[in-house]
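Engineer: coordinates for the following, if possible.
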Amino acid sequence: MVWQTDECLHFTYVSPQVEHILGFTPDELVGHTPFEFLEPASIDSYRLIFETATRTHQQVILYEARWIDRDGNIVVMESHATPVYNNDGTCAGFRGIERDITDRRQGQYLMTPAKTVVAGPSMCAPSFT
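Structural biologist: Presented below is the predicted three-dimensional model:
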């Protein structure tokens, strides 16, 4: 799934693959923030990652995100985001790609039931509310 946001992290583009992965059409995500579709317990972590990336002018952000699909199921995504900066250095938004790794993660949980796997997200933007 390919996506782009504005400076406030509202989706301005989401590729058609989102329908296969999350069950939403691109139009249902455009105008919304990713935070509205992420697991609530992780939202503060994702906001901190985006804030840090913006403040430190990171070029590429790699993280694992737990999205919620149309049916309420968790979909684990490997996420790559690139901040887009204005000429004055302020963040103009992000471009990114998400890859569904839910099956791989479930396999890891089955193979190592006693091990806790913690995902480390990484995101940024000027406005996080």
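
Engineer: pLDDT (mean, whole number) over stretch 104-119?
Structural biologist: Stretch 104-119 shows a mean pLDDT of 48 in the predicted model.

Engineer: where does residue 54 land on pLDDT?
Structural biologist: So residue 54 comes in at 87 (pLDDT).

Engineer: and if you look at the one 4 residues further on?
Structural biologist: Note on residue 58: pLDDT of 85.

Engineer: same deal with residue 85?
Structural biologist: 91.

Engineer: equivalent analysis for residue 1, please.
Structural biologist: The predicted local confidence for residue 1 is 96.

Engineer: so what touches the lengthiest strand in the chain?
Structural biologist: Longest strand of the chain, by residue count under DSSP state E: strand 74-85. With Cβ atoms under 8 Å, 6 or more residues apart in numbering as the test, strand 74-85 has contacts from 1, 21-22, 39, 53-54, 57-69, 91-102, 105, 119, 121-124. All C-beta spots, glycine's among them, are computed from the backbone N, C-alpha and C.

Engineer: report the buried residues of that strand.
Structural biologist: Neighbour counts over strand 74-85 (16 or more other Cβ atoms under 10 Å) mark 75-79, 81-83 as buried.

Engineer: format the residues you listed as TSV; extra columns: distance to residue 30.
Structural biologist: Formatted as TSV, those follow (distance: Cβ to Cβ, whole Å):
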residue	distance to residue 30
75	19
76	23
77	18
78	22
79	18
81	17
82	19
83	20
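
Engineer: does residue 42 touch residue 67 like I think?
Structural biologist: No: applying Cβ atoms under 8 Å as the test, residue 42 and residue 67 come out as separate, 9.9 Å apart.

Engineer: ok, these two, which is more surrounded?
Structural biologist: Between residue 42 and residue 67, counted using other Cβ atoms under 10 Å, the more crowded position is residue 67 (23 against 16).

Engineer: which residues in this structure form helices?
Structural biologist: Taking DSSP state H, the helices of the chain run over residues 17-22, 26-29, 43-56, 102-111.
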